[in-house]
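Peer 1: Any chance you can model this:
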Amino acid sequence: MPLKLLILDRDGVINYDSDAYIKSVEEWQPLPGAIEAIAQLSKAGWTVAIATNQSGIARGYYDVATLDAMHARLRALVAEQGGEVGLIVYCPHGPDAGCACRKPKPGMLQTIANHYGVDLAQCWFVGDSLGDLQAAQAVDSQPVLVKTGKGLQTLAKELPVNTLVFDDLAAVAAELIHK
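Peer 2: Residues are numbered from 1 along each chain as shown. Purely as a prediction, here's the structure:
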């Protein structure tokens, strides 16, 4: 049976986002229903991976150890609900670094696909920004917009063709689990 892989953006999809950046474990607060949604997906046989731009590292707002601690908290919360989080990849570069990983470039999605040996055309990528949707489009993944985080502002923009729109991560999980 092929791997069922769902890729998520982090800030604004799983946890509250901030224009001032999420700089500490204390500031990292999950959105209502997001932890439960990841756990439900995991228990239903989905592998949930995360691809997140984290330019706050390049900007000096926090270090990799702090980011790792945020992700350890995420993993622990999901584990408490009986699920698990798969591979987490992040881009530590600033917007002008010219890297291949910062969304809307698809480098992180390709890293996840290589790790799991899957075809990205079979995957959904869930985000709240146009850059997320463009990264999905670049690798023929299904772009999925949630209305949390910056999602409502993104909804007002021209979205990639075939973008699916859901209220939040819990609604995405309900759709995928009951397919």
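
Peer 1: Next, the buried residues of the helix ranked longest in the chain.
Peer 2: Taking DSSP state H as the criterion, the chain has its longest helix at helix 64-80. Residues of helix 64-80 classed as buried by neighbour count (16 or more other Cβ atoms under 10 Å): 66-67, 70-71, 73-75, 77-78. For the C-beta atoms, the positions are set from N, CA and C on the backbone; glycine is no exception.

Peer 1: Could you spell out the sheet neighbours of the helix or strand following that helix, each with its direction?
Peer 2: Scanning forward in sequence from helix 64-80 by DSSP states H and E, the next helix or strand is strand 88-91. Strand 88-91 sits in its sheet next to strand 46-53 (parallel), going by DSSP bridges.

Peer 1: mind listing what's buried in the strand it pairs with?
Peer 2: Using 16+ other Cβ under 10 Å as the test for burial, strand 46-53 gives 46-53.

Peer 1: residues making contact with that strand?
Peer 2: 3-11, 14, 38, 41-42, 71, 83-91, 102-103, 108-109, 111-112, 115-116, 125, 131, 135, 176-177 (Cβ atoms under 8 Å, 6 or more residues apart in numbering).

Peer 1: do that again at 7 Å, thanks
Peer 2: Residues from elsewhere that reach strand 46-53, judged by Cβ atoms under 7 Å, 6 or more residues apart in numbering: 3-11, 38, 41-42, 85-91, 102-103, 108-109, 112, 116, 176.

Peer 1: And stretch 171-179, by the same measure?
Peer 2: 6, 37, 40-41, 44, 46, 126, 144, 146, 166.

Peer 1: Share the number of residues neighbouring the nearest residue to E36 once chain neighbours are set aside, please.
Peer 2: Excluding its sequence neighbours, the residue lying closest to E36 (Cβ to Cβ, 6 or more residues apart in numbering) is Q81, at 5.8 Å. For Q81, the count of nearby residues is 15 (other Cβ atoms under 10 Å).
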